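**Student:** 3D model of this:
(2 chains)
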Amino acid sequence: MSNTTSNTGFEGFGAKAIFVRYGFLIIIAAFVAFFSFYTDSFLNGSNLLNIVEGSAILLILALGMTLIVTMGGIDLSVGIAMDFGAAFAIVAMKEYQVAWYFAVLIGIAGGGLVGLLNAFLVVKLKVSPFMATLGTFFIGSSVQRIFTNGGGPISYRRVAQEYRDLAVGDIAGIPTEVVIAFVVLVIYFLLLERSVFGKRMHAIGLQQSAALVSGIKVRHYLFFGFVFASATCAIGGIIGSANLRMFTPLAGYSYLLDAIAAVFIGASIHPQGRPNVPGTLIGVLFLGIVANGLNLLGLNFNTKDALSGIILVGALALAVMQKRLR
Amino acid sequence: MTLPVEHILEMQGISKAFPGVQALDKTDLFVRKGSIHGLVGENGAGKSTIIKVLAGIYTRDEGTVSINGAACDALAPAVVHEAGVRFIHQELHLVPYFTVAESVFMGQEQHGVLGLAGRRMRRRAEQFLKESLNCELDGKALIRTLSPAEKKLVQIARALIDDKARLVIFDEPTAPLASGETEQVFKAIRRLKERGISMIYVSHYLGEITDLCDEVTVFRNGATVAQLNRVDANSTQTIIHNMVGRDIDALYPEKKHSDGARMFSVSALGDNSRFFNVDLNISAGEVLGVAGLIGSGREEFIDTLYGLRRAEAGDMQFDGRELKLKSPADAVANGIVLVPRDRRNDGLVLNMSVGDNINLASLDEVAWARMEKRGLSLKRANELSEQIDIRPRNPKAITRFLSGGNQQKVVLARWLATQSKLFILDEPTVGVDIGAKVEIYQLIKELAANGAAVIVSSSDPQEMLGLCHRIMVMYRGEVVEDTPIDAIDFDSLLALSTSGARVASTA
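**Tutor:** A predicted model of the protein is given here:
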């Protein structure tokens, strides 16, 4: 007979849950200690800020992914949504001289279009999320190449300073992109972990038929989820374009696997193995720390990926083992 | 030196404690050779614990076990298997896209000179199913195309295919089956008995126990409270008495006369494929039974009433208004709720907590600005758990770990929280033990007494007769009878369900 009393449904913050998360934080701390010891520059302030700043875009995409995985799907087109966000914003400003804040809204809407296609495929045509978003990924990649005549970047040097500041400015000394990522984080936390909407999303992801019978409008929620997640990813693309003052086609692709990894790191350190917002944050930071540390160690470029893989799998194995030990 | 062995299994004075629970307390279980031995008891009585002790999954604290006359000090899965003991678990553990033959031989594949001996395995699987289990199946058929009963038989074949089984333990083998399908499994079990195999049969269905078993052991609170060496039709009362520790003189609560206003009516409803031209009327305070076998269109009809399927013809009226249902959400918004027949898939989000499941349909009432007020939602889940006695009384427990009866109460609690008006209960007591059954019946009565209308759809005629004010019977997609309860009895209900007429026309 299993002791079921300590299992706490949604509340990921009971004593046990904190212990489990804490366990993974110990692993992260061990890496921090290791990197600090073996490199001179890891632990200095500007490098740590680098890690946080470098993680902002990934965090935003990973949060969008967390929403999709929570409702039982997967989104292979997060990078496309990000690219569309950048493209729509930059083109709006360059070709149509739109004000920077309108450009931001247009960029978000552009990302939302990608989600709209996903939602249409999944909810209306009942294609599985994996296949639907893979299709969107292919289509979206091709559209970008066609639009840019083969993939050349569209740069706009005279972009408004306010727009530029989304990436390079700061608010009260904190880089703006970190502030933006933090705001998105808080919104997602409230949405997925605290709101009625989030609970219904979790129910849909865990057992869709039961959610349907309990009177939840499953199709509405799925539709909204896909659009909202993609629109979120567009924010990441806008920050990226603000940094370089250009739209780089297919730039979002490199974030896809990291976003998936971050969400599943977060899920594997959750007591019930569910995707969750705090876990995703930890996953993103972990990936950022490892990537930065390996960089500073000055390893051969070719071995770095292998090492990241080994570290990722090893750390997760430890976390899962520790979860079993409780 | 071997004495003539009368018992295939002797478990004597078995005790097993878990932190805070004495699951087994000097329990005895003796199974005579060649018999079918019924093991009954309410949830938590220790049935599954003693089975797990026998399987070597739990280590006993004290007591002796001997299998076929040989004492077994240390029980381990491999030892027990070697002794010829096989377990048929409640879950099927079959791969949907494997064939029958592949499934039967999974993990014990036979090899020929050129790899797997596919044809030999297929013939052997077909032969075994036919000769030992009384079931003709194509070895090439995919598992997903089989009926639930056939899947069960494949699972049994897989455990017994090596012909070394001497004692087989069945854990609720008919739980996923409709009443029409159980007979196929019973036939197989009787055939096994003819072949000299001893069996332990664990079930909540006392009708099955008295039908099938030669002897019965009753557990209560981890102790053996009765051992019946003979079983006949009168045994049911004895068994119930021992299971609950008191007499349940009234399984069904007394019916209150209903005289409410017309609440819900359906006319000429049909989906052009499974049911046609169905009329239904129900008033506040009324309990209406919908009877019919699997395939009679009853399930599809019920699903349509809840918006899970689309009606193609006819219309529905609710409280004098026309009702169009596009989804269950529409039904719930109108105060119509469903307790679905497939509790584990459609009724509950098993990996969510009890509290979350209870609040799932009425989250807005425990929220402020769309944010859940968790103190409030826990409090309400607690109150409802208290009100209908959900055990454990812990809204944070994960629903998966509750017993069938308590899970069903969680589904009911969810709808009680919504103050709905029409309750549709589809197979409300499937896989529920007798104690919880009585409580669910009581709850149904109270719902009706408080002015709700209740539609009970069930394949258990006894339950329908005991609960309902009125019964309608479906047969081949049409309603063949709609009658007050005093104008129908068990035999005519059965005849109507199986043949569409009051008097069975079959010779």
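**Student:** so what's residue A:303 scoring on pLDDT?
**Tutor:** What the model reports for residue A:303 is a pLDDT of 86.
**Student:** Can you tell me what sits against the helix or strand containing it?
**Tutor:** Element membership for residue A:303, per DSSP states H and E: helix A:301-325. The contact list for helix A:301-325, computed with CB atoms under 8 Å, 6 or more residues apart in numbering or on different chains, reads A:20, A:23-24, A:27, A:31, A:261, A:265, A:268-269, A:271, A:286-287, A:290-291, A:294-295, A:299. From N, CA and C alone the C-beta is placed, and that goes for glycine too.
**Student:** Repeat the analysis, applying 6 Å as the threshold.
**Tutor:** For helix A:301-325, contacts defined as CB atoms under 6 Å, 6 or more residues apart in numbering or on different chains pick out A:20, A:23-24, A:27, A:268-269, A:290, A:294.
**Student:** Please name the strands paired to the helix or strand of chain B with the lowest mean pLDDT in the sheet, noting orientation.
**Tutor:** Between all helices and strands in chain B, the lowest mean by mean pLDDT, DSSP states H and E belongs to strand B:115-116, at a mean of 78. Applying DSSP bridges, strand B:115-116 is found paired with strand B:111-112 (antiparallel).
**Student:** Quick one: mean pLDDT for the partner strand?
**Tutor:** For strand B:111-112, mean pLDDT rounds to 81.
**Student:** Any idea how many residues pack against the residue in the stretch 151-300 of chain A that chain B sits nearest to?
**Tutor:** Going by CB to the nearest CB, chain B is nearest to residue A:215 of the stretch 151-300 of chain A, at 3.1 Å. Neighbour count for residue A:215, taken as other CB atoms under 10 Å in any protein chain shown: 27.
**Student:** Touching, it and residue B:327? I think so.
**Tutor:** No - with contact taken as CB atoms under 6 Å, residue A:215 and residue B:327 are classed as non-touching, separated by 8.5 Å.
**Student:** got the contact list for the residue nearest the centre of chain A?
**Tutor:** By CA atoms, centre = their mean, the mean C-alpha position of chain A lies nearest to residue A:62, the distance being 1.3 Å. Residues in contact with residue A:62 (CB under 6 Å, 6+ apart) are A:259, A:262-263, A:280, A:284.
**Student:** Point me to the residue of chain B nearest chain A.
**Tutor:** Across chain B, the shortest distance to chain A (CB to the nearest CB) belongs to residue B:353, at 2.6 Å.
**Student:** and that residue, what pLDDT?
**Tutor:** In this model, residue B:353 carries a pLDDT of 93.
**Student:** re earlier: for the residue of the stretch 151-300 of chain A closest to chain B, give its distance to residue B:345.
**Tutor:** Residue A:215 sits 16 Å away from residue B:345, going by CB to CB, to the nearest Å.
**Student:** same question, residue B:45
**Tutor:** On the measure of CB to CB, residue B:45 and residue B:345 end up 27 Å apart.
**Student:** Mind checking which of the two has more residues around it?
**Tutor:** A direct count of neighbours by other CB under 10 Å for residue B:45 and residue B:345 places residue B:45 higher, at 24 against 14.
**Student:** pretty sure the more buried one is in contact with residue B:219, am I right?
**Tutor:** Yes - at 4.1 Å, residue B:45 counts as touching residue B:219 under the criterion of CB under 6 Å.
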